[in-house]
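1. No letters, just coordinates:
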Ligand SMILES: Nc1ncnc2c1ncn2[C@@H]1O[C@H](COP(=O)(O)OP(=O)(O)OP(=O)(O)O)[C@@H](O)[C@H]1O
Ligand SMILES: [Mg+2]
């Protein structure tokens, strides 16, 4: 047995080496860097330097506030939407099921830059199709890029568009694993389709919903592409700057790696904390 | 309590017809078992009665009322599924009461019905458990309990015991019998197990390939099968079929000679319309209808391959001189040590080449 394990590990060595160098080491290294002052040459150990700055930095709190705001609005809306899409996909009445499944999933595989460019065009003030539509039903024009509230809404719309279908496919897989005869039994019990959804589908789908929520929370905590490309680096005036963007600005614009590492660790810790709270809130009763 | 009447009931999935015009009359309070090999349409018929499948042709009436266009919940039936179909996230108590709670039944009445069902099935101590924490037999009881709570006129069971081990199956079989006596409701029960069918049924409906082959009381099917399929299906081990041909007629009836056994001639009292001498026929003999040499109509000597001792009785797996396999049931004490045995045929059935009974 031991011999077999040794052979297995030898086969795994190339992967483990790469994993150690490009995964484990950066994680450790960035943790160490977060305790160093990196604006001086050479870097020196100064534990309070970055962490001290973090707790008093208005830019950090602005990014944190924006990230959490997007999180608490966008994630629930998206999962509710994904649920509706999954129910529709699961309906026996649906024709051309494969086509819809593809269409819902497609946003995930579209290039980030291409999709951001399309969103910028669609929401542009002068020739955007969205404002044309709003206008045609008698609503006023919205300048999506120069006011904070519409800009935040735009980010949330974009992220939701991109990931709702992905979550819908996961939820659909969960729904299809619920045996058909449970619904048949409920139908014989005179339980309406709507009540079947709320009293059977939702409770049985809870683990899958929690899984989707955890994935989405982790994703949103790291949100970067949309505020970077769509609202042009967190514009207007930092109004949509997220933690991911702050990290990028500090690390790769100002080359302040120590502070960027501290932000990165804060993001990871927050994601873990929120996920744990959520798992605890939705745990199975004994 | 209600009758169930199927008139020319057909079922098609697309162009594929799986039930071909079934006519079945089930009396009030009767226990009827649908039996047949896998894929013969038993479940499909049951699900049409329940309303879970549309009816492609014909009529189904429950309690004299045609239910073709009536919602499943309004048909006065309850169904027990093969897989139990319990709600996994609910306790036993919630499983039993779910339907009544969802439809706004008064709480006192719901509690009364749940309590009664739990008492009938002896699951009162399990009320707080989830299905995951129950044994197979207990889950089965809960599934039956959920049907009882509905107080239906007709119970439908789809192979309810097939997921249980042999011992539990016998025990639950007895319980279902008891339940039928206690509730007096009409019950329709699907199985592919002929022992279950024989022991439970007031009447059995034998199905094959979407056709009703025969309907009758268990012993009628055993004593008087209409065709080779029913003859082979009812009884265990199954009836032996031996090739033969008709040689003539005497005062008592038609004389049949087993193929390759010139001395083994059987006389069967047949109607005038018996086939011509020389026509090929098949003789059916149940393992238990072989007697000692000289005890019956004709003697037959066979070579013994294998002997199975079950205690009181034994089964001999043997071959005729013509190379046909036969199973013979004997008292354990009467099994010889020799490799050959001569037995008599005490009772036999005659079938034509298409498998239809000649009588
Ligand atoms: N939804 C369906 N679509 C197409 N064909 C079906 C469908 N359901 C059942 N069938 C076919 O109908 C026939 C009868 O099926 P049914 O389930 O009634 O058999 P059964 O007698 O209950 O068999 P078993 O003992 O294996 O449960 C089978 O040939 C099956 O393949
Ligand atoms: Mg079946």
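-> That came in fine, so what should we check first? Since the structure is predicted, the reported quantities are computational estimates derived from the model, not experimental observations. Ligands and ions are numbered 1, 2, ... in the order given.
2. which bits of chain B sit near chain A?
-> Listed as neighbours of chain A in chain B under the rule Cβ under 8 Å from any Cβ of the partner chain: B:50-52, B:72-74, B:77-79, B:81, B:83, B:85-89, B:98-99, B:102-103, B:146, B:150. Yep, even glycine has a C-beta here, placed from its N, CA and C like the rest.
3. Next one: residue A:102 relative to ligand 1, how far apart?
-> Going from residue A:102 to ligand 1 by Cβ to the nearest ligand atom, to the nearest Å gives 26 Å.
4. For that residue, the count of nearby residues, please.
-> Close neighbours of residue A:102, defined as other Cβ atoms under 10 Å in any protein chain shown, add up to 12.
5. what's the following helix or strand after the strand or helix carrying it?
-> In this structure, residue A:102 is located in helix A:97-109 according to DSSP states H and E. Next along the chain after helix A:97-109, taking DSSP H and E as the criterion, comes helix A:112-122.
6. Look up phi and psi at the residue in chain B that chain A sits nearest to.
-> At 2.8 Å from chain A, residue B:99 is the closest residue in chain B, using Cβ to the nearest Cβ. When quoted as degrees, to the nearest 10, the phi and psi of residue B:99 stand at phi -60, psi -40.
7. Hmm, residue A:195 and it touching each other?
-> No: using Cβ atoms under 8 Å as the test, residue B:99 is too far from residue A:195 to be in contact (10.3 Å).
8. Could you check which of these two has the larger neighbour count?
-> Using other Cβ under 10 Å as the criterion, residue B:99 and residue A:195 rank with residue B:99 on top: 22 against 16.
9. list residues touching both of residue B:99 and residue A:195?
-> Contact with both residue B:99 and residue A:195 is made by residues residue A:186, according to Cβ atoms under 8 Å, 6 or more residues apart in numbering or on different chains.
10. so what does the helix holding residue A:102 touch, helix or strand wise?
-> Helices and strands touching helix A:97-109, by 3 or more Cβ pairs under 8 Å, 6 or more residues apart in numbering or on different chains; DSSP states H and E, are helix A:58-90, helix A:148-176.
11. okay, the angle between it and helix A:112-122?
-> Relative orientation of helix A:97-109 and helix A:112-122, computed by axes from the mean of the first three to the mean of the last three Cα atoms, to 10 degrees: 100 degrees.
12. So what's the gap between helix A:97-109 and the chain middle?
-> 19 Å (Cα atoms, centre = their mean, to the nearest Å).
13. Can you point out the buried residues in it?
-> Buried residues in helix A:97-109, counted by 16 or more other Cβ atoms under 10 Å in any protein chain shown: A:100-101, A:104, A:107.
14. same deal with stretch B:286-293?
-> Neighbour count says stretch B:286-293 has B:286-291 buried, by 16+ other Cβ under 10 Å.
15. tally of neighbours for residue 8?
-> Using chain A here. Counted with other Cβ under 10 Å, residues neighbouring residue A:8 total 9.
16. Chain B is the one I meant
-> Count around residue B:8 with other Cβ under 10 Å applied: 11.
17. show me the contacts for the residue nearest to it when sequence neighbours are not counted.
-> Leaving aside its sequence neighbours, residue B:8 sits nearest to residue B:58 (Cβ to Cβ, 6 or more residues apart in numbering or on different chains; 3.7 Å). Counting by Cβ under 8 Å, 6+ apart, residue B:58 makes contact with B:6-10, B:21-22.
18. Check the secondary structure at residue B:58 for me.
-> Here residue B:58 is recorded as strand under DSSP: H, G, I helix; E, B strand; the rest coil.
19. Which pLDDT value belongs to it?
-> At residue B:58, the model reports a pLDDT of 92.
20. Tell me the spacing between it and residue B:72.
-> 18 Å (Cβ to Cβ, to the nearest Å).
21. Which residue does the stretch 101-250 of chain A have closest to ligand 1?
-> Nearest residue of the stretch 101-250 of chain A to ligand 1: residue A:180, at 10.5 Å (Cβ to the nearest ligand atom).
22. any idea how far residue B:6 is from residue B:26?
-> Relative to residue B:6, residue B:26 is positioned 8 Å away (Cβ to Cβ).
23. where's residue A:56, which helix or strand?
-> Secondary structure from DSSP H and E places residue A:56 outside every helix and strand.
24. quick one, what contacts it?
-> By Cβ under 8 Å, 6+ apart, residue A:56 has no neighbours at all.
25. Could you check how far it is from residue A:127?
-> Counting by Cβ to Cβ, the gap from residue A:56 to residue A:127 is 44 Å.
26. just residue B:284 next, same as before
-> Counting by Cβ to Cβ - residue B:284 and residue A:127 are separated by 88 Å.
27. Looking at these two, which is more packed in?
-> Set residue B:284 next to residue A:127 and count neighbours by other Cβ under 10 Å: residue B:284 wins out with 21 against 9.
28. Surely residue B:245 forms part of a strand?
-> Yes: membership of residue B:245 in a strand is supported by three-state DSSP.
29. What pLDDT is listed against the residue nearest to it when sequence neighbours are not counted?
-> With Cβ to Cβ, 6+ apart as the criterion, residue B:245 has its nearest non-adjacent residue at 5.2 Å, and that residue is residue B:280. Listed pLDDT for residue B:280 reads 91.
30. ok, now how distant is residue B:280 from residue B:350?
-> From residue B:280 across to residue B:350, the span is 11 Å (Cβ to Cβ).
31. sorry, back to before: ok, now which ones touch the residue nearest to residue B:245?
-> B:243-245, B:353.
32. now, which of those residues sits nearest residue B:344?
-> residue B:244 (15.7 Å; Cβ to Cβ).
33. For that closest one, list the residues it contacts.
-> Going by Cβ under 8 Å, 6+ apart, the list of residues near residue B:244 reads B:256-259, B:266, B:280-283.
34. Also near ligand 1: which of those, exactly?
-> The overlap between the contacts of residue B:244 and the neighbours of ligand 1 (Cβ under 6 Å from any ligand atom) is empty.
35. Check those for burial and list the buried ones.
-> Buried members of those, counted by 16+ other Cβ under 10 Å: B:256-259, B:266, B:281-283.
36. Could you tell me how many residues sit around residue B:187?
-> Residues near residue B:187, counting by other Cβ under 10 Å: 26.
37. The helix or strand that it is a member of pairs with which strands, and in what direction?
-> For residue B:187, the host element (DSSP H and E) is strand B:186-191. If you go by DSSP bridges, strand B:186-191 pairs up with strand B:31-35 (parallel), strand B:154-158 (parallel).
38. closest point of the stretch 101-250 of chain B to ligand 1, which residue?
-> For the stretch 101-250 of chain B, Cβ to the nearest ligand atom, closest residue to ligand 1: residue B:192, 4.7 Å.
39. That residue is in contact with residue B:159, isn't it?
-> Yes: using Cβ under 8 Å, residue B:192 is in contact with residue B:159, at 7.2 Å.
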